[in-house]
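What follows is a predicted structure for the sequence shown.
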Amino acid sequence: SPFPFPSLPWTRLPFSLPVGRLLRMLAGHLGDHIQGLQVGARRARLPQSLSRKISNLELSYHVLRHLTAPYVDALVSEVESVLKLLETGCAAPSSASARANA
């Protein structure tokens, strides 16, 4: 299976990522508390390619744990609204003004 956790429901994936384990590993190596994987990877002087992978994992975790049905529904509605405005020739609102009106 191309899915890395075939027996795990996709909704549980963010909570199965090894973010906490990596944080503990890096903090243990450094002998100090760290504020995130990216900081830990940099302070541990990991190779740049590995640091990038760790940073991507951390970013993915933070995005996935906040991804909810209401968030996705609001995003889809916003895209639909902007596309309708563009089809009618009106200028699309900026993301900041669209969020303020939501």
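Yes, it's here.

Tell me how many other residues surround Ala69.
The tally of other residues near Ala69 (other C-beta atoms under 10 Å) stands at 7. In this view, the C-beta of every residue, glycine as well, is placed from N, C-alpha and C.

what's the answer for the one 5 residues further on, then?
Neighbours of Ala74 under the rule other C-beta under 10 Å: 13.

One more: Met25?
For Met25, using other C-beta under 10 Å, the count is 14.

Could you count how many residues lie near the closest residue to Pro18 other than its chain neighbours?
Nearest residue to Pro18, sequence neighbours excluded (C-beta to C-beta, 6 or more residues apart in numbering): Leu57, at 7.9 Å. Neighbourhood size, Leu57 [other C-beta under 10 Å]: 16.

What strand or helix carries Leu57?
Assigned by DSSP states H and E, Leu57 falls within helix 48-64.

what's the offset of the helix or strand following that helix from the middle of its chain?
The first helix or strand that comes after helix 48-64 along the chain, using DSSP H and E, is helix 69-87. For helix 69-87, the separation from the chain centroid amounts to 20 Å (computed by C-alpha atoms, centre = their mean, to the nearest Å).

Which elements pack onto helix 69-87?
Judged by 3 or more C-beta pairs under 8 Å, 6 or more residues apart in numbering; DSSP states H and E, helix 69-87 is in contact with helix 95-101.

for the helix holding Leu57, which positions count as buried?
By 16 or more other C-beta atoms under 10 Å, the buried positions in helix 48-64 come out as Ser51, Ile54, Ser55, Leu57, Glu58, Tyr61.
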